[in-house]
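Asks: Test case, fold it:
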Amino acid sequence: MGGGCGLPTGLHAVERARIALGDTVVVQGSGPVGLNAAIFALLSRALRVFVVGAPAARLQAARRLGVEDALDITATPDPAERVRWVSERTAGRGADVVIEASGNPAAVREGLEMLRDAGTYVVVGQYTDAGDVTLNPHRHVNRRHASLLGCWGYEFTHLHRALALMAKHAARFRWRELVTHEYPLSQAARALEDMERLAVVKAVIRPGR
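Replies: Model (predicted):
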């Protein structure tokens, strides 16, 4: 249950990104999808993986999973500062791959600015219509020669392979520890509320409790 739907969705995003050996990857969002995307980026032999998100408990989970560094967006509210943070860690080059798993439309423009020239940007976090965002096609896509890819959920093959990878690498990544709170069925609404306000890393409902 430490994987949930974020497990195969994260795998699908990394598959779409076609991460190469030695790549630098930035994951925007530190929820279940973002954390699993970070795991699968590491398993894809990315040299460096960074996570940009919140709150602190989720960023601590990201560091435990093995990412090189994590940035708390609540402590760094200025998007330009967050882009600079990535630039400083990549010698001004930008990331080879950026995966948006935040669900915030504004993250798309910000993530494209974190990307190196000819890099790949994967949007996996926009499950619902959260609003519009303005891009400059010349600056964000064309001049940057960016590959911009969408990623919608997952197929059975992603679930099958993700479970096999979880079984093989459970000792290294300890998915079970991502479950930070369990609820009886009578508290299902509270579990959803706690997830919405980012009070837990991952919630599990146990009907028998």
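
Asks: Strands along this structure, start to end?
Replies: 24-28, 48-53, 69-72, 95-100, 115-123, 147-150, 179-184, 202-206 (DSSP state E).

Asks: need those strands in TSV with distance to His158, can you?
Replies: In short, each C-beta sits where N, CA and C put it, glycine included. Compiled in TSV, those are given as follows (distance: least, C-beta to C-beta, whole Å):
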stretch	distance to His158
strand 24-28	17
strand 48-53	19
strand 69-72	25
strand 95-100	15
strand 115-123	14
strand 147-150	15
strand 179-184	21
strand 202-206	18
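
Asks: Please produce JSON lines containing those strands, extended by mean pLDDT, distance to Gly10 and mean neighbour count.
Replies: Below are those laid out as JSON lines (pLDDT from 0 to 100; distance: least, C-beta to C-beta, whole Å; neighbours: other C-beta atoms under 10 Å):
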{"stretch": "strand 24-28", "mean pLDDT": "99", "distance to Gly10": "9", "mean neighbour count": "29"}
{"stretch": "strand 48-53", "mean pLDDT": "98", "distance to Gly10": "12", "mean neighbour count": "26"}
{"stretch": "strand 69-72", "mean pLDDT": "98", "distance to Gly10": "16", "mean neighbour count": "18"}
{"stretch": "strand 95-100", "mean pLDDT": "98", "distance to Gly10": "8", "mean neighbour count": "28"}
{"stretch": "strand 115-123", "mean pLDDT": "98", "distance to Gly10": "11", "mean neighbour count": "21"}
{"stretch": "strand 147-150", "mean pLDDT": "98", "distance to Gly10": "15", "mean neighbour count": "14"}
{"stretch": "strand 179-184", "mean pLDDT": "94", "distance to Gly10": "16", "mean neighbour count": "16"}
{"stretch": "strand 202-206", "mean pLDDT": "91", "distance to Gly10": "12", "mean neighbour count": "17"}
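
Asks: what residue lies at the spatial centre of this structure?
Replies: What sits nearest the mean C-alpha location of the chain, by C-alpha atoms, centre = their mean, is Gly34, with 2.1 Å.
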